[in-house]
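> got a predicted structure here, sequence first:
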Amino acid sequence: MRPAAACRAGLLALAAGLASGPLFDPGPAAARTFVFCSEGSPESFDPARATTTTTMNAAWQVYNTLVEFAPGTTTIRPALAESWTISEDGRTYVFALRDGVRFHANARFTPTRPLNADDVVFSFARQRRSGPDGAAPGFPYFHDLGLADLIEAVDAPDPRHVRFRLREADTTFLANIAQAFGAILSAEYAATLAAGNASDDIARAPIGTGPFVFEGYRPDQVLRYRAFPEYWRRAADDGEPGERPDGLVFAITPNAAVRLTKLRAGECHAMAFPATGDLDAIRAEPGLTLLALAELNVAYLALNTTRSPFGDVRVRRAVNLAIDRRAIVAGVYGDAGILAQGPLPPGIWAYDADLPDTPFDRGEALRLLAEAGLAEGFDVELWYPPVSRPYNPNGRRVADMIQADLAQVGIRARPVTRSWNAYRAALYGGEPALMLYGWTSDNGDPDNFLSVLLGCKAALAGGANLARWCDPAYDRLVEAARRTGDRAARQALYRQAQAIVRHAMPWVPLAHTKVHLALRNDVRGLTMDPLGRHLFETVRFRAAR
């Protein structure tokens, strides 16, 4: 989850050239076009550059990975690789690619060959490159996960096989490359763009092997695809009866009430993240269906430990004690919320149910602030997200409740926000001192929370550790857990790591959520996903009666 300013500029340029005509007027849902009322805009169409859920869900329509998570699960299954082998020492992975997988085409590019090993090598090699300072600002998530250091070599023994050589065994490797940044791009398309001095267009006009072909985008309004008739999995009988959509539209609608109005009017077939207060009405409405799933996510308030006074653990503890988290969960999340005690959600196998609760204790918060020399309190900006998210349905309301709580101990918090893309850019750039954010797991592994959100590599500029907190002892535990395949040993290491976080308090953990999706009754085959993916490959329209 990181900013991509250059990509955003490119998307705006692309939109300026394409923003006329009916392509960008979603209007009432066409008979065979599936319209999804989404909550936000992607920041890039290159999933290796930015992995927010909005960007990820835009990418999953276009791209495939070598291996993938079966829809609705965290179980890995074959995708572009039909099989793979792992060496006894756990350091060498060889993937056998499917035969005859076709890439999309667009006005600039027509593929001359199917997918081969060169495409896989290209897709990973471009992310492994580092700049002069050792960083790769274009692909920070790949580096946050430590993959640039872990992968010793990627090569192609022949056109149908790809070999990864790791510097050490890593039990998270398969789950990591099944994430969106592991999408396989066309090396041939990249070469065509480079020859035309247009390499940045790979993030503006994506070419992949997925079920839908990118057609166009108007920022903050609409994103349009058409079905790919040569999709490698299309010929298979997926068991879903009904009519396949011939196109897919994301009608970008940040306001939940407006999304619901569009759904009721038939202007979209499904909507993301209905407001908590609307759930009962949706359940009771004959023409609508409400789906629900406990996602693997966490909402939190990050305290930037590089910004005064949050480098002082006493201040961080005071903030934790001053906030009535139970009231926030009850008032904002309702039945869809679960009080968070730490970074891991209960659905993750390494979750520590015995982690001590942080009480609501204003008296102790005042005592700690006085001990830290802040008896008169202090002023701070409190940043909140401007759009509903799976982990936070109402950022402004959460911010207002936190503001009121902090005021009782003399902390004068002023709510601040920006547009969603600018908000993320500011957070990943390290600008705010106090910020609301959250995370939905990319792969269902504890490492995806503990390493990506709180590890030392991720605390560098552009990383997902927004608290910029780095504890070497914590890092050693998390890295040791990645090197063993023994789940009991990993769990013991992760329990120690969670205890360190609980003591240091770089966050105020808020909630884990049950996420909802509303759809019209003429839709079938749409499955909710614990990893926050919106997958439309199996969507069908019910046959008219």
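Yep, it's here. Numbering: from 1, shown residues only.

> max-length strand in this protein?
Ranked by number of residues, the top strand in the chain under DSSP state E is strand 507-520.

> which element follows that one toward the C-terminus?
Later in the chain than strand 507-520, the nearest helix or strand by DSSP states H and E is strand 523-524.

> from the contact counts, what lies against that next one?
With contacts taken as 3 or more Cβ pairs under 8 Å, 6 or more residues apart in numbering; DSSP states H and E, strand 523-524 sits against strand 540-541. C-beta coordinates here come from the backbone N, C-alpha and C atoms, glycine included.

> let me see the mean pLDDT of the strand it packs on.
Mean per-residue pLDDT for strand 540-541: 94.

> hmm, back to that, buried stuff in the longest strand of the chain?
Across strand 507-520, burial judged by 16 or more other Cβ atoms under 10 Å covers 507-520.

> in which helix or strand would I find A125?
Using DSSP H and E, A125 sits within helix 117-128.

> for that helix, packing partners?
Helix 117-128 sits against strand 92-97, helix 147-150, strand 151-158, strand 161-166, helix 187-195, with contacts defined as 3+ Cβ pairs under 8 Å, 6+ apart.

> out of those, flag the one nearest T53.
Closest to T53 of the helices and strands packed on helix 117-128, according to Cβ to Cβ: helix 147-150, at 20.5 Å.

> ok, residues contacting that closest one?
When contacts are defined by Cβ atoms under 8 Å, 6 or more residues apart in numbering, helix 147-150 is touched by residues Q127, R128, S130, A136, F142, L166, R167, E168, D170, F173, N176.

> would you say R307 is within a helix?
No. Counting by DSSP: H, G, I helix; E, B strand; the rest coil, R307 is located in no helix; its state is coil.

> gap between the nearest residue to it once chain neighbours are set aside and I207?
Leaving aside its sequence neighbours, R307 sits nearest to A433 (Cβ to Cβ, 6 or more residues apart in numbering; 4.0 Å). As defined by Cβ to Cβ, to the nearest Å, A433 lies at a distance of 41 Å from I207.

> hang on, the earlier thing: what is the distance between the helix holding A125 and the centre of its chain?
Put simply, helix 117-128 sits 22 Å off its chain's centre (Cα atoms, centre = their mean, to the nearest Å).

> mean confidence for that helix?
96.

> next, the buried residues of it.
Going by neighbour count (16+ other Cβ under 10 Å), the buried part of helix 117-128 is A117, D118, D119, V120, V121, F122, S123, F124, R126, Q127, R128.

> as TSV, the residues you listed with distance to A458 would be great.
As requested, the buried residues of helix 117-128 are arranged in TSV below (distance: Cβ to Cβ, whole Å):
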residue	distance to A458
A117	31
D118	31
D119	28
V120	26
V121	26
F122	26
S123	22
F124	20
R126	21
Q127	16
R128	18
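
> coming back round to it: now a PyMOL select for only the buried ones of the contacts of helix 147-150.
To isolate the buried members of the contacts of helix 147-150 in PyMOL, using 16+ other Cβ under 10 Å:
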select buried, resi 127+128+136+142+166+170+173+176
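
> for R424, grab phi and psi.
phi -60, psi -40 (degrees, to the nearest 10).

> surely it and E43 touch.
Yes. Counting by Cβ atoms under 8 Å, R424 touches E43, with 6.9 Å between them.

> for the chain, what's the longest helix?
For the chain, the helix that runs over the most residues, judged by DSSP state H, is helix 487-504.

> so what touches it?
171, 313, 316, 341-344, 349-350, 352, 355-356, 358, 446, 450, 454, 469, 471, 473-474, 477-478, 480-481, 484, 507.

> ok, now which ones touch P254?
E39, G40, D220, P386, V387, S388, W420.

> can you tell me how far it is from P385?
Remark: distance between P254 and P385 (Cβ to Cβ) = 10 Å.

> again, but for V501
Remark: distance between V501 and P385 (Cβ to Cβ) = 22 Å.

> just to revisit the earlier point, I'd say the residue nearest to R307 and L301 touch.
No. Using Cβ under 8 Å, A433 is not in contact with L301; the gap is 11.0 Å.

> who's more crowded, the two?
Applying other Cβ atoms under 10 Å to A433 and L301 shows that L301 carries more neighbours, namely 26 against 20.

> doesn't the more buried one lie inside a strand?
Yes. Under three-state DSSP, L301 falls within a strand.

> pull the contacting residues for the closest residue in space to it that isn't next to it in sequence.
Among residues not flanking L301 along the chain, V508 sits closest, at 4.0 Å (Cβ to Cβ, 6+ apart). Residues counted as contacts of V508 (Cβ under 8 Å, 6+ apart) are Y300, L301, L303, V319, N320, I323, R325.

> and of the residues you listed, the nearest to L80?
Y300 (34.6 Å).

> circling back to that earlier point, okay, V501 and P385: which has more neighbours?
Each of V501 and P385 has its neighbours counted (other Cβ under 10 Å); P385 has more, 25 against 22.

> what about R424 and E43, which has more around it?
E43 (27 against 23).

> which non-adjacent residue is nearest the more buried one?
Nearest residue to E43, sequence neighbours excluded (Cβ to Cβ, 6+ apart): A50, at 4.7 Å.

> secondary structure class for the one you found?
Put simply, A50 is coil when judged by three-state DSSP.

> likewise for A58?
Assignment for A58 (three-state DSSP): helix.

> just checking, it touches L223?
Yes. If you go by Cβ under 8 Å, A58 and L223 touch, sitting 6.2 Å apart.

> intersection of neighbour lists for those two?
Listed contacts common to A58 and L223 are P42, F250; contacts here mean Cβ under 8 Å, 6+ apart.

> need the contact list for the closest residue to T306 other than its chain neighbours.
Excluding its sequence neighbours, the residue lying closest to T306 (Cβ to Cβ, 6+ apart) is R468, at 4.5 Å. Residues near R468 by Cβ under 8 Å, 6+ apart: N304, T305, T306, G430, A459.

> what is the burial count for the first one?
Other residues within reach of N304, judged by other Cβ under 10 Å, total 21.

> quick one on the thing from earlier: overlap in contacts of P254 and P385?
By Cβ under 8 Å, 6+ apart, the residues touching both P254 and P385 are W420.

> one step back: and the residue nearest to T306, how far from A299?
Separation of R468 from A299 (Cβ to Cβ) stands at 19 Å.
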